[in-house]
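> Pasted the sequence and its predicted model underneath.
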Amino acid sequence: MNNFDSTVSLILSENWRSMAAAGLIGAASLAGGNTARADNTAITQPVKASVNMDTLLNALEIVESNGKKNAIGDNGKAKGILQIWDVVVQDVNRVYKTTYVHDDAFDPVKARDIAKKYLTFWGKRYNVNTGEEPTYEVLARIWNGGPKGYRKDATIKYWNKVKSYL
């Protein structure tokens with residue numbers, strides 16, 4: 001069992017607001033002072049048995065940077081193999097109490113851990129909010145458009161690119 005499968009024990013409080021529509025403004029800045037709280041329920045299972053996170057991340061890496069670990073995009077806002085924005089790093093640190101910095105996105109191992117944590121958390125929130133298990137499509141669209149990216153028409157084209165590498 002890998003790190004992704006082994007420990008996640010935080011969940012957002014019920015009145016926590018998700019990221020802004022574009023998924024680029026940190027949830028912490030929108031929360032009005034609310035903070036993540038520890039929950040007695042440990043989330044220890046993969047997002048969905050039929051979703052292999054490593055397979056998804058491999059496809060995301062190709063779409064995001066063509067496998068270039070030192071890639072910089074979006075006018076310097078997106079970094080590394082997975083083109084991680086600082087707001088994603090901040091969100092992961094807030095939820096998981098980690099201490100990642102944005103430049104950790106240039107380390108493929110750390111970048112994958114950040115992405116796994118982010119997608120696991122928001123995939124679980126998707127499940128709570130919709131009653132449905134997240135799919136490759138849902139997770140890819142969340143990666144591209146933020147926590148509610150699965151609802152945005154703008155993420156469909158991105159999903160089609162990712163799907164071609166799965």
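Structure's in. What do you need?

> where in the protein is pLDDT low?
Residue ranges of the chain with pLDDT under 70: 1-49.

> Report all helices and strands that the longest helix along the chain contacts.
Secondary structure of the chain per DSSP state H: the longest helix is helix 108-130. Where contact means 3 or more C-beta pairs under 8 Å, 6 or more residues apart in numbering; DSSP states H and E, helix 108-130 is packed against helix 3-6, helix 53-65, strand 84-85, helix 86-96, helix 136-145. In this view, the C-beta of every residue, glycine as well, is placed from N, C-alpha and C.

> Which residue is the nearest non-sequential neighbour of Ile114?
Val92 (5.2 Å; C-beta to C-beta, 6 or more residues apart in numbering).

> Could I get the contacting residues of the one you found?
Thr98, Tyr100, Ile114, Lys117, Tyr118, Phe121 (C-beta atoms under 8 Å, 6 or more residues apart in numbering).

> so how far is Glu132 from it?
From Val92 over to Glu132 the distance is 23 Å, taken as C-beta to C-beta, to the nearest Å.

> do the same with Lys152
From Lys152 over to Glu132 (counting by C-beta to C-beta), the distance is 17 Å.

> now do Arg151
From Arg151 to Glu132 the distance is 13 Å (C-beta to C-beta).

> In three-state terms, how would Glu132 be classified?
For Glu132, the secondary structure call by DSSP: H, G, I helix; E, B strand; the rest coil comes out as coil.

> Buried by neighbour count: which residues of stretch 132-148 qualify?
Buried residues in stretch 132-148, counting neighbours by 16 or more other C-beta atoms under 10 Å, are found at 134-148.

> typo on my end, stretch 106-121
In stretch 106-121, counting by 16+ other C-beta under 10 Å, buried: 106, 110-121.

> and that stretch, how far out from the chain's middle?
Averaging C-alpha positions (C-alpha atoms, centre = their mean, to the nearest Å) puts stretch 106-121 8 Å from its chain's average.

> hey, C-alpha coordinates of that stretch in PDB?
Below are the C-alpha coordinates for stretch 106-121, written out as PDB (Å, rounded to 0.1, in the frame of the first residue of the first chain):
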ATOM      1  CA  PHE A 106       9.700  20.700  -9.500                       C
ATOM      2  CA  ASP A 107      10.400  17.400  -7.600                       C
ATOM      3  CA  PRO A 108       8.300  14.700  -9.400                       C
ATOM      4  CA  VAL A 109       7.900  12.600  -6.300                       C
ATOM      5  CA  LYS A 110       6.700  15.500  -4.200                       C
ATOM      6  CA  ALA A 111       4.500  16.800  -7.100                       C
ATOM      7  CA  ARG A 112       2.800  13.500  -7.400                       C
ATOM      8  CA  ASP A 113       2.200  13.400  -3.600                       C
ATOM      9  CA  ILE A 114       0.700  16.900  -3.700                       C
ATOM     10  CA  ALA A 115      -1.500  15.900  -6.600                       C
ATOM     11  CA  LYS A 116      -2.600  12.600  -5.000                       C
ATOM     12  CA  LYS A 117      -3.500  14.400  -1.800                       C
ATOM     13  CA  TYR A 118      -5.400  17.200  -3.600                       C
ATOM     14  CA  LEU A 119      -7.300  14.800  -5.900                       C
ATOM     15  CA  THR A 120      -8.000  12.300  -3.000                       C
ATOM     16  CA  PHE A 121      -9.400  15.100  -0.800                       C
END
